[in-house]
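Novice: Everything below, folded, please.
(4 chains, ligands or ions: 4)
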Amino acid sequence: MSEAKKPEPRVLPYVLAINEGIRTVLSEQDDAFLAGEDVAEAGSVYGYCGGLLDQFGPRRVIDTPISEKGIMGLGVGASATGCRPIIDLMFMDFIGECMDEVANQMAKMRYMFGGKATLPVTVLTMGGAGGSMAAQHSQSLEAWLAHLPGMKVVMPSDAYDAKGMIISACRDDNPVFVVLNKSSLAMSMEVPEESYEVPLGEAIVRKQGTDLTIVAFGRMVHEALDAAEQLKDVGLNVEVIDARSVQPFDTATVVTSIKKTHRALIVHEAVKFGGIGGEITAQIQEQAFDYLDAPVMRVAAPFSPVPFSPALESLYIPNAASIVAKVKETLEL
Amino acid sequence: MSEAKKPEPRVLPYVLAINEGIRTVLSEQDDAFLAGEDVAEAGSVYGYCGGLLDQFGPRRVIDTPISEKGIMGLGVGASATGCRPIIDLMFMDFIGECMDEVANQMAKMRYMFGGKATLPVTVLTMGGAGGSMAAQHSQSLEAWLAHLPGMKVVMPSDAYDAKGMIISACRDDNPVFVVLNKSSLAMSMEVPEESYEVPLGEAIVRKQGTDLTIVAFGRMVHEALDAAEQLKDVGLNVEVIDARSVQPFDTATVVTSIKKTHRALIVHEAVKFGGIGGEITAQIQEQAFDYLDAPVMRVAAPFSPVPFSPALESLYIPNAASIVAKVKETLEL
Amino acid sequence: MAQAKKKAAAKKPAAKKTAAKKAAPKKSAAKKPAAKKVAAKTRKAPRTVAKKGASNQGPSNKTLKEMHLKMLRIRRFEERSGKLMEDGKVPGALHLYVGQEAVASGVMQHLTSEDWITSTHRGHGHLLAKGGEFKPMFAELFGRSTGYCKGKGGSMHISNMDLGMLGANGIVGGGPPIAMGAAFSNQFQGNKNVSVAFFGDGASNEGSVHEAANMAALYKLPCIFVCENNGYGEYTRQSKHQAIVDVADRASGYGMPGVICDGMDVMSVYEAAGEAIELARSGGGPTLLECKTYRYYDHVGIRGMGLNYRTDEEVEEWKKKDAINNFEKRLIQLGVMSRKQLDALDAKICEDIEEAIQYASDSPFPTPDQLLEDVYYVKGA
Amino acid sequence: MAQAKKKAAAKKPAAKKTAAKKAAPKKSAAKKPAAKKVAAKTRKAPRTVAKKGASNQGPSNKTLKEMHLKMLRIRRFEERSGKLMEDGKVPGALHLYVGQEAVASGVMQHLTSEDWITSTHRGHGHLLAKGGEFKPMFAELFGRSTGYCKGKGGSMHISNMDLGMLGANGIVGGGPPIAMGAAFSNQFQGNKNVSVAFFGDGASNEGSVHEAANMAALYKLPCIFVCENNGYGEYTRQSKHQAIVDVADRASGYGMPGVICDGMDVMSVYEAAGEAIELARSGGGPTLLECKTYRYYDHVGIRGMGLNYRTDEEVEEWKKKDAINNFEKRLIQLGVMSRKQLDALDAKICEDIEEAIQYASDSPFPTPDQLLEDVYYVKGA
Ligand SMILES: Cc1ncc(C[n+]2csc(CCOP(=O)(O)OP(=O)(O)O)c2C)c(N)n1
Ligand SMILES: Cc1ncc(C[n+]2csc(CCOP(=O)(O)OP(=O)(O)O)c2C)c(N)n1
Ligand SMILES: [Mg+2]
Ligand SMILES: [Mg+2]
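Specialist: Ligands and ions are numbered 1, 2, ... in the order given. Below is the predicted model of the structure:
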């Protein structure tokens, strides 16, 4: 940490990048604390809070009862009164337990109070399927949050963004949900040791291309990049955009790309019907109708709860293969 | 009621049509009961449960504590075990208090149990703005529910449909949310005394037209019809479809219409971003891309919580004027 | 009035041991399963109401006058608001506090603007007692841009952060988790401020109250849970929404003291709240304070829906205990204020109210550009 | 074992008056604010554990053998499941019941398949005790189409409606509101069936449990709330998640009896549960029954995350109270079964388990077309 010469590029898995993001925030901001179920002594069931209790002590790293309404209320009340809470909601599926605190209090308090309350609270939560965790531990519910004026929602797809977006979220004076993905925990990449921000509300082009634009959310970015690789074999050069932020959504970056490629495919892990893909599709055709050579298509989860059996779950989750197939369909290949 | 000759056409307000819908169900189904906050002795704060306690007694018309999780759990547990509960959720905004019971239990139990549980439960709830009820008593959150495989969601726009859809919902062996609109309570029309169904999952063309298709949800149907009337003055003949059902959504009826009119406008009261309009837009352009002469447009609430002040609320809620303006924009008039 | 107070004062002082002690569960569990009852009883007993320090001598005349002023301001504000609603001058729903004035006033007498409170849908009284001013309050009820929330909140979200008032709340049970979070801030910041969550008997059945209470007790937060038991949740009387008579009975289940006071007697509230707040300020953790009270008006507005869910006799019976009438008699008796002074004060309040109504009526509505402001905090904006 | 039981039995019988009496709140309120403590104490006292009818003579040998069989089937099933998980043969999360067998077995001994239960994430034991069979259970854990849920639910949603088992639940606190709803059905239908909600000490802090308990007490539903207090919610010990030692202390706050029993002693559970269930069947309403117990394995799987949240000594201390070992000794002592018979039974169970595992392994996975089946109920489908 305190080496004299510039450290070698350092590779970190997503899980440790999350850890470092929180660690950085707690180091930089005296008013910040972390609270959630099993985040302190156990270091979170995913391990991403490991060592935080030791470093920052029980005043700032707090185990809570299994009381999501209480936990989210803690985030609302503490952030409105001068603290900068980081609230851990273990599984995104549990948001139903505290949706009132999220939707009616956290998201709305500033507006209802005529701008006189400011809630710098960050909620970390884990979405996504992939480990046979079944219907109540696998959901991607970002569309619910994005429908809530007042709330920001981001979905870091990799370790670098996970750290940077946690830092940005915690510096933001608005409530921000950082939706992580449990199937990405072991995914490694270079992550700087120092503190840095990844802006909220900005998409990023992960791969340049000309034939079609894929807009992917969270872990699906990697499936999209895989698909792009495979599509090279059939002579297709697709562009891949990592949406990164769901709310605010960076329509400009997406539209710019589509004006070049004339075709778009939205990919998310959430159920297709009512998922964020519909919103993005609507915005694309509102803003780039004349540029579209094909309908905006979507790859997303089908219309069922997440099944337990690996045999079904593997069919359920969008992947490179289903993306490739849909790209070909869009291009009428 | 027991008159010999056929009764005169009878006009009933929305609020009494709801009442008659529930009354019909309780008369027809011995296993049905109605439970909710202040539904029995007070007859609901909207008055639509008036007289039900007297007619059916306290065994079947039940006041509950202010415990939305408990109430929704009652609906889940009782419907899975042989009853046919009608659960009243006073304001749709309160769904945050019981979203787990709705989303993780009610919507998913059948699937998680491999099809071996059946939940014939109907939830009545009141959405919509218009009476300066402010941010926590005015929301339209049907998009959340429509994103939940297992749940049916309907939005009757008038008294006839309110009665018929309540009856259909209660005869359905699936969980159904009937989302009513509080600004429609006094709206009257002819409603038959006898029992009848309005199918769930079927849209209906309310006005034939050729120049553009408006797909409207709930109370917005009437604003759309008003707009259609006003648009006649500028020589436009728009078709108005009452979506009626959000989930399942009747894409076929909508697409058929658009193949005729080549233009579409979706109108709902919910916040535009992440609202159901995005989903419908996506489906329309997926299925009728080549028929569209203009982007599918949307009229919906802007990106803020519902404001209290009548001065702001009147700007916030979509109405005939904003629909007319958007139609003209779509047609580049 | 004095009677109820004395009864409360007669309660036995309980051992000072804190409720939240962290014994290993298995020990007391399998080894002596019958021990529960004893332990629970000890924890359950309310602490003594005998005063320390200044309050040992009873409140000063200044305090008595302040509490009276709080109550009267609320009463007149609410009466007038109700009329305005009936005249169609206040949009939306208006839940009035008339009858319950002693609760807000007795509790708030111990608080400064540094202390936080969360309120309910019935929030005007709390804000007024916390220092709310007539002008921005009426302006808010009228939906004007000069209101405390620029007209965006209205009655159900009226708030003032500078006064430590974290908002009325349209969600029953919405306040307590937020108050608990504010109390957490106080503890975290190491100050001596407290947080008070007001909620109703009906709200006590919401899961949110349960979770907030458990966490407050666990962390020994400076959080006071004030249940205003007015006997009804909307049109449902307490016996139809819970199988208990005293909400305070729930305190022992969280490991905090449960105390009952006469919510129609501002002195009873003042003393019980003072104890609880002092305990919280000194690190002793939360208290559940139940105030038995009554609302004179209907659930919404004055006459409401005109339902027969309670009898006129019941209302009249409670009005005999009227907090303001009885307290005024006492102030006269004690020579703190004369009838004439009281009448003058009343007249002045009414005058201020009319002036505030005029101010609010003359205030502009928010402009269209304000619709989309205040959704997010924007630096420098 | 016997000691704990005797202590429980020594509790004083309380007045038979029901908890949920509907006194007008204002009466007892403002008039006599101090009355609370007395009333609460009366309501709080657990009912006597002395048995009526058949159980007066103690359970029959048949009953003893059935309870033992239940416990042993659970133990062996769970041990084997844990191994299979470690071997990578069970996908997803597996929360094992080893250590807590006495609770499910003692409670379920009183139930038929007409009675409903809701379970938790730790649900295999409840299903087995309710009559669950090895084959469809292993098949479900393996995600096969022959499983109880056709492989769609897995461990966390395993269920069987025919056996009256309304599902394990991935949501902590998810079960109690559903059990309350099932109890409502029973009352509505006028039958004598009951509903039992199992939940943990950790779950007791969820708002859902609070709301369900209040409603069950209010309506006097035939619903028994069985809290399996194993001292931990995941890796957080009870003293770090609530400021009370006995979850049963919360019962009085709902107006229902709170009873504690030794969850490591199937006889203690059997007796306490018998009382509560009998009360519920006879229209006496709900009971909160807390069973002090312990899980031997980690929160998930056998070894879990390998955290040091509890000591080996603590685990060993609890194992001395092992429900099965001690009960087997007693069965031998009483001459109900011999060591040889017990060993033979054990061997047979293990054999059945291996056969079931084979069956499950040989079973087909669900086919792709099953993915979108069972989302809605479709008539005739
Ligand atoms: C979550 C929620 N459920 C229901 C309501 C509707 N509602 C508003 S006030 C009220 C009664 C509240 O009763 P209580 O807590 O006793 O307060 P009181 O009105 O008596 O002051 C109800 C049911 C609400 N606003 N929020
Ligand atoms: C609503 C919700 N919050 C958190 C979790 C994660 N979780 C699963 S089990 C568990 C601990 C439950 O503790 P307890 O109720 O005591 O049951 P035990 O595991 O001890 O049997 C937690 C926190 C969950 N599944 N659901
Ligand atoms: Mg009340
Ligand atoms: Mg536990």
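Novice: quick one: secondary structure of the single nearest residue of the stretch 201-333 of chain A relative to ligand 4?
Specialist: Residue of the stretch 201-333 of chain A nearest ligand 4, by Cβ to the ion: residue A:308 (23.3 Å). C-betas here are computed from N, CA, C, even on glycine. Taking DSSP: H, G, I helix; E, B strand; the rest coil as the rule, one finds residue A:308 in the coil state.
Novice: where does the closest residue to ligand 3 within the stretch 251-381 of chain C land on pLDDT?
Specialist: Ligand 3 sits closest to residue C:295 of the stretch 251-381 of chain C, with a gap of 7.4 Å, by Cβ to the ion. Residue C:295 carries a pLDDT value of 98.
Novice: So what's the residue count around it?
Specialist: 21 (other Cβ atoms under 10 Å in any protein chain shown).
Novice: Which helix or strand contains residue C:359?
Specialist: helix C:339-362 (DSSP states H and E).
Novice: My guess is the residue of the stretch 201-333 of chain A closest to ligand 4 contacts residue D:150. True?
Specialist: No: the criterion here is Cβ atoms under 8 Å, and residue A:308 misses it with residue D:150 at 9.6 Å.
Novice: neighbour count winner among those two?
Specialist: residue A:308 (33 against 26).
Novice: Name the nearest residue to that one, ignoring sequence neighbours.
Specialist: Nearest non-adjacent residue to residue A:308, counting by Cβ to Cβ, 6 or more residues apart in numbering or on different chains: residue D:154, 3.2 Å away.
Novice: Would you state the helices of chain A in chain order?
Specialist: A:14-28, A:52-56, A:68-80, A:99, A:109-112, A:142-146, A:159-171, A:220-232, A:251-261, A:276-288, A:310-316, A:320-330 (DSSP state H).
Novice: deepest of those, which one?
Specialist: Among the helices of chain A, helix A:68-80 has the highest mean neighbour count (mean count of other Cβ atoms under 10 Å in any protein chain shown), at a mean of 32.
Novice: helices or strands up against that helix?
Specialist: strand A:32-36, strand A:84-89, helix C:175-189, helix C:207-219 (3 or more Cβ pairs under 8 Å, 6 or more residues apart in numbering or on different chains; DSSP states H and E).
Novice: And the longest one, what's buried?
Specialist: The reference is to helix C:175-189. Residues of helix C:175-189 classed as buried by neighbour count (16 or more other Cβ atoms under 10 Å in any protein chain shown): C:175-188.
Novice: need the residues you listed in JSON lines with pLDDT and distance to chain B, can you?
Specialist: Shown next, in JSON lines, are these (pLDDT from 0 to 100; distance: Cβ to the nearest Cβ, whole Å):
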{"residue": "C:175", "pLDDT": "98", "distance to chain B": "12"}
{"residue": "C:176", "pLDDT": "99", "distance to chain B": "13"}
{"residue": "C:177", "pLDDT": "99", "distance to chain B": "12"}
{"residue": "C:178", "pLDDT": "99", "distance to chain B": "13"}
{"residue": "C:179", "pLDDT": "99", "distance to chain B": "17"}
{"residue": "C:180", "pLDDT": "99", "distance to chain B": "17"}
{"residue": "C:181", "pLDDT": "99", "distance to chain B": "17"}
{"residue": "C:182", "pLDDT": "99", "distance to chain B": "19"}
{"residue": "C:183", "pLDDT": "99", "distance to chain B": "22"}
{"residue": "C:184", "pLDDT": "99", "distance to chain B": "22"}
{"residue": "C:185", "pLDDT": "98", "distance to chain B": "23"}
{"residue": "C:186", "pLDDT": "98", "distance to chain B": "26"}
{"residue": "C:187", "pLDDT": "98", "distance to chain B": "27"}
{"residue": "C:188", "pLDDT": "98", "distance to chain B": "26"}
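Novice: What ranges in the stretch 201-333 of chain A fall below the confidence cut-off?
Specialist: The stretch 201-333 of chain A contains no residues with pLDDT under 70.
Novice: The helix or strand containing residue C:76 vs helix C:339-362, what angle?
Specialist: Following DSSP H and E, one finds residue C:76 within helix C:61-86. Interaxial angle, helix C:61-86 versus helix C:339-362 (axes from the mean of the first three to the mean of the last three Cα atoms, to 10 degrees): 40 degrees.
Novice: From the contact counts, what lies against helix C:61-86?
Specialist: Right, helix C:61-86 is packed against helix C:101-108, helix C:124-129, helix C:134-141, helix C:266-281, helix C:323-333, helix C:339-362 by 3+ Cβ pairs under 8 Å, 6+ apart.
Novice: if we compare those, which one ends up closest to chain D?
Specialist: helix C:266-281 (7.8 Å; Cβ to the nearest Cβ).
Novice: so does the closest one get close to chain A?
Specialist: No: using Cβ under 8 Å from any Cβ of the partner chain, helix C:266-281 stays clear of chain A, coming no nearer than 15.1 Å.
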